[in-house]
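Novice: just the structure for this:
(2 chains)
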Amino acid sequence: MARVTIDGHTIEVPDGTTIVEAARKIGGDIVPPTMCYYSTLKTSGGYCRTCLVKVTKGSDKDPRPMPKLVVACRQTVMDGMEVQNITSPEVLEAREGVVEFLLLNHPLDCPVCDQAGECDLQDLSYEHGDEGTRTVFRRRTFPMRDIGDKIKLHMNRCIMCYRCVKVAEQLCPERVHGVLNRGWDAEISTYIEKAIDNEWSGNMIDVCPVGALTDKTFRFKSRVWFTKPLDAHRDCDVCCGRVALWVSGDAVLRVTGRKGVYHEIENTEDGKPGWICNTCRFEKKNLSDWVIEGPRHIDRHSVISQNHYEQLKQLKQDLSRQKLIGEKAHNN
Amino acid sequence: MQSLTNRSKVVVNKKMSFMEKLYLPEIAKGMMITLKHLFKKKVTIKYPEQKRPVAPVWRGWHVLKRDELGRENCTACGLCAVACPAEAITMTAAERKPGEENLYREEKYASVYEINMLRCIFCGLCEEACPKEAIFLTDRNVPVDLLRDDFIFGKDKLVEGIEPEKRIDVSVRARAHRQIES
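Specialist: Purely as a prediction, here's the structure:
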């Protein structure tokens, strides 16, 4: 076991845990944002550098600070390690730089993009980014490629997080897409057009942190904040069948996996991530196909929860929590 | 209990005097006031021949703008609808087809865009939320109509014409907006 202190919060975690995972166990504002790291996908992380943190004390044995900022998703903890995330101005400045780089070629077509409202890059740039842009060059663009009849690829929006590649590698029996070319010209693509038709390929949409991979059956149907999210399940012999439905009236506009706190697919009861198959995602678009469990809880700061009302219970919980926080602040 | 304003009066059931019982002096006083107002300047105007001047940022009938090439600015992003406190705006988006590039500026556009003018409170939040400078409120009044259905304004009543003479000038409002934003 290793004791690690992140922004003044100490926690004991097993050896080999990454800083991000340790921070997530503490929770709250001190969790470094991640764009490419996905806890349930092996070897993900280390590409986007949004999770940079400062290690002010390496360990009890070797208390020297690490010379540079480290990526929290790859760096494992050591006993006695002290980490600064939001308490370090250096980290916040570096993160602002990272956001600027991520947005360098991003088209910022949020009004058109179907991901807007649940986009990790949108949240990240809102929280850490600068309002203006300093770049004077033309943004990099790619020709539109058709990768399949169910998934729409917008290469211009891609931030090269490799999550979809990991999904294809670890979920699908055969990977038919990947990153072609190098550096500036690197792009996600398939060699053969319309090649992606695997039963699990739809999960690429869920893991994509931006709007590069979107659902073609939902394309321009509605905005996410006009749809009502419901938890639902059905008996599926391929996948777990536990999904979130995005409903407008009686119409199921979109089916996705259940995304949890860090926008990752939640685990099912057996502890495995609840990936869903393409049949559930693209073909079951009737309310009668599903057993509705109830409204899905969306963070109240999210635009998706605008004009949506859940049970009063949740509201009461939120209120009593607010009251507690207020009392604490008052007593201090 | 002490009153909040110290202006309260105790009600008394006082007996009226002879003069008061006559009522005539009081009626005469009242008639004098009426007479005085007959010779005063009228506060009303003869609308619609005459119109009152309105502020340049008057919020009336909405317009959906086109750009200088005549393409619709609106991309049906839905921000106006989510900003609308009266939930008066609804829209349906559609994908632009090849050959329609001269009609719509971006790959998505609003195939249906409706504002319920009876719900609208003319607060201007839609204009503020719009990222594409597509919707503006203008100094035109919403015309009177007989049926409730006719107050649901679709794109035919909202989008400005392509011809230069049918364009609706919103430069004053747009400038005011840019000043607020900067």
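Novice: any figure for the gap between whichever residue of the stretch 201-332 of chain A sits closest to chain B and B:His37?
Specialist: Of all residues in the stretch 201-332 of chain A, the one sitting closest to chain B is A:Arg223 (3.9 Å; CB to the nearest CB). From N, CA and C alone the C-beta is placed, and that goes for glycine too. Between A:Arg223 and B:His37 the computed distance is 56 Å (CB to CB, to the nearest Å).
Novice: so for those two, which residue has more residues nearby?
Specialist: Neighbour count, other CB atoms under 10 Å in any protein chain shown: between A:Arg223 and B:His37, A:Arg223 has more, with 21 against 10.
Novice: ok, that one - contacts?
Specialist: By CB atoms under 8 Å, 6 or more residues apart in numbering or on different chains, the residues touching A:Arg223 are A:116-117, B:77-78, B:82.
Novice: which of the residues you listed sits closest to B:Asp150?
Specialist: B:Gly78 (24.7 Å; CB to CB).
Novice: that closest one reaches B:Cys84, doesn't it?
Specialist: No. Because the distance of 10.1 Å does not satisfy CB atoms under 8 Å, B:Gly78 is recorded as not touching B:Cys84.
Novice: tell me the SS of residue 94?
Specialist: Unless you meant another one, I'm taking chain A. Secondary structure assignment for A:Ala94 (DSSP: H, G, I helix; E, B strand; the rest coil): helix.
Novice: um, chain B though
Specialist: strand.
Novice: what's in contact with the longest helix anywhere in chain B?
Specialist: As assigned by DSSP state H, the longest helix anywhere in chain B is helix B:24-38. Contact partners of helix B:24-38, identified using CB under 8 Å, 6+ apart, comprise B:19-20.
Novice: got it, and stretch A:87-104?
Specialist: A:7-8, A:33, A:35, A:48-50, A:52-54, A:69, A:84-86, A:121, A:124-125, A:128-130, A:133-135, A:139, A:159.
Novice: would you map the helices across the chain?
Specialist: By default, I'm working from chain A. A:19-26, A:89-102, A:120-128, A:163-170, A:203-207, A:278, A:312-331.
Novice: that's the wrong chain, I wanted chain B
Specialist: Using DSSP H, helices in chain B cover B:18-22, B:24-38, B:79-83, B:125-129, B:155-158, B:171-181.
Novice: any idea which of the ones you listed gets closest to A:Ala244?
Specialist: helix B:79-83 (19.9 Å).
Novice: okay, and the helix or strand of chain A with the least pLDDT?
Specialist: Here the helix or strand of chain A ranked lowest by mean pLDDT, DSSP states H and E is helix A:312-331, holding a mean of 72.
Novice: now it - C-alpha only, PDB.
Specialist: What follows is helix A:312-331, C-alpha atoms only, in PDB (Å, rounded to 0.1, in the frame of the first residue of the first chain):
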ATOM      1  CA  LEU A 312     -38.000  15.600  -5.700                       C
ATOM      2  CA  LYS A 313     -35.800  13.300  -3.500                       C
ATOM      3  CA  GLN A 314     -32.700  14.200  -5.500                       C
ATOM      4  CA  LEU A 315     -33.500  17.900  -5.100                       C
ATOM      5  CA  LYS A 316     -33.900  17.500  -1.400                       C
ATOM      6  CA  GLN A 317     -30.600  15.700  -1.200                       C
ATOM      7  CA  ASP A 318     -28.900  18.500  -3.100                       C
ATOM      8  CA  LEU A 319     -30.400  21.100  -0.900                       C
ATOM      9  CA  SER A 320     -29.400  19.400   2.300                       C
ATOM     10  CA  ARG A 321     -25.900  19.000   1.000                       C
ATOM     11  CA  GLN A 322     -25.800  22.700   0.100                       C
ATOM     12  CA  LYS A 323     -27.000  23.500   3.600                       C
ATOM     13  CA  LEU A 324     -24.300  21.400   5.100                       C
ATOM     14  CA  ILE A 325     -21.600  23.100   3.000                       C
ATOM     15  CA  GLY A 326     -23.000  26.500   4.000                       C
ATOM     16  CA  GLU A 327     -22.900  25.600   7.700                       C
ATOM     17  CA  LYS A 328     -19.400  24.400   7.400                       C
ATOM     18  CA  ALA A 329     -18.300  27.500   5.700                       C
ATOM     19  CA  HIS A 330     -20.100  29.600   8.300                       C
ATOM     20  CA  ASN A 331     -18.500  27.800  11.200                       C
END
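Novice: packing partners for it?
Specialist: For helix A:312-331, not one helix or strand is in contact under the criterion 3 or more CB pairs under 8 Å, 6 or more residues apart in numbering or on different chains; DSSP states H and E.
Novice: quick check, pLDDT for the residue most central in space within chain B.
Specialist: Nearest to the mean C-alpha position of chain B, by CA atoms, centre = their mean, lies B:Gly60 at 3.7 Å. Note on B:Gly60: pLDDT of 92.
Novice: next one: the one 5 residues further on
Specialist: In this prediction, B:Lys65 carries a pLDDT score of 94.
Novice: skipping adjacent residues, who's closest to it in space?
Specialist: B:Asn73 (5.1 Å; CB to CB, 6 or more residues apart in numbering or on different chains).
Novice: and B:Thr92, how many neighbours does it have?
Specialist: B:Thr92 has 13 nearby residues by other CB under 10 Å.
Novice: please name the residues that touch it.
Specialist: Counted by CB under 8 Å, 6+ apart, B:Thr92 has contacts B:76, B:110-112.
Novice: just list whatever residues bridge to it.
Specialist: B:Val112 (DSSP bridges).
Novice: how near is it to A:Ser39?
Specialist: 38 Å.
Novice: and the residue in chain B positioned nearest to chain A, how many neighbours?
Specialist: Nearest residue of chain B to chain A (CB to the nearest CB) works out as B:Cys77 at 3.3 Å. For B:Cys77, the count of nearby residues is 25 (other CB under 10 Å).
Novice: isn't it right up against A:Gly117?
Specialist: No. The pair formed by B:Cys77 and A:Gly117 falls short of the contact definition of CB under 8 Å, at 10.0 Å.
Novice: name the residues that touch the lowest-mean-pLDDT helix or strand in chain B?
Specialist: Here the helix or strand of chain B ranked lowest by mean pLDDT, DSSP H and E is helix B:171-181, holding a mean of 80. Applying CB under 8 Å, 6+ apart, the external contacts of helix B:171-181 come out as B:56-57, B:127-128, B:133, B:136-138.
Novice: so which of the residues you listed is surrounded by the most neighbours?
Specialist: B:Phe136 leads the contacts of helix B:171-181 on contacts (other CB under 10 Å) with 23 neighbours.
Novice: enumerate every residue touching it.
Specialist: For B:Phe136, the contact set (CB under 8 Å, 6+ apart) comprises B:62-63, B:65, B:127, B:168, B:170, B:173-174.
Novice: quick one: which of these is nearest to A:Pro273?
Specialist: Closest to A:Pro273, out of all of those and judged by CB to CB, is B:Glu127, at 43.7 Å.
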